[in-house]
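1. got a sequence here, can you model it:
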Amino acid sequence: MMELSQARVAFLATNGYEDSELTSPWQALAAAGAQLTMVAPEPGEVTGKDGHVQAVDLVSADASPNGFDALVLPGGVVNADAIRMDTPSVAFTRGFFAEHKPVGVICHGGWILVEADVLDGRTLTSFPSLQTDLRNAGATWVDEEVVVDQGLVSSRTPDDLPAFNAKLLEEVAEGRHSGQTV
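-> Reported below is the predicted structural model:
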């Protein structure tokens, strides 16, 4: 088990993320003492669809999963669609699976996992409109508040954030998962 105060967690998002899907897990991890880094395709800041502004600490082209213990992928249609089209962001995401590190994904963030080609044989949930995309990528999609599959934590919507945050903290504390693979 890892002390959460020693955990280094990356958040990957761009403009148009679902505000609460970034801020709520960020606050939960910060309260546990984790070191948090905002990663985005472009430097400066990113703005959520409802106006939350988050400073970017690191651009995805310069980011490596080696420097982190876990990854969080907030949703938001515009955010997830843009991130999945950014090659360095997709490679960064895929690297967490290759290194067996925990990943939390919520709502439309699942699109990034489709593009990273890391869903074959995995079970997860998402916003319901993604279920066909996730199944076509080899995943088993279920309609549940939170799903944990070998370090992959997923939830459907902001309504699920309390359960998502609790399981995310648990999985980050557990550290690497041998079943978290590409």
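2. number of residues surrounding the closest residue to Ser155 other than its chain neighbours?
-> On the basis of CB to CB, 6 or more residues apart in numbering, the spatially nearest residue to Ser155 that is not a chain neighbour turns out to be Phe164, at 3.9 Å. The way it works is simple: take the backbone N, C-alpha and C, and place the C-beta from them, glycine included. Other residues within reach of Phe164 by the criterion other CB atoms under 10 Å amount to 29.
3. residue contacts, Phe164?
-> Phe164 makes contacts with Ser24, Pro25, Gly104, Ile106, Glu145, Val146, Val153, Ser154, Ser155, as judged by CB atoms under 8 Å, 6 or more residues apart in numbering.
4. what are the buried residues along whichever strand or helix holds it?
-> According to DSSP states H and E, Phe164 maps onto helix 161-174. Applying a neighbour-count criterion of 16 or more other CB atoms under 10 Å, the buried positions in helix 161-174 are Leu161, Ala163, Phe164, Asn165, Lys167, Leu168, Leu169, Glu171, Val172, Ala173.
5. swap in stretch 117-134?
-> Neighbour-count burial for stretch 117-134 flags Val118, Leu119, Arg122, Thr123, Leu124, Thr125, Ser126, Phe127, Leu130, Gln131, Asp133, Leu134 (criterion: 16+ other CB under 10 Å).
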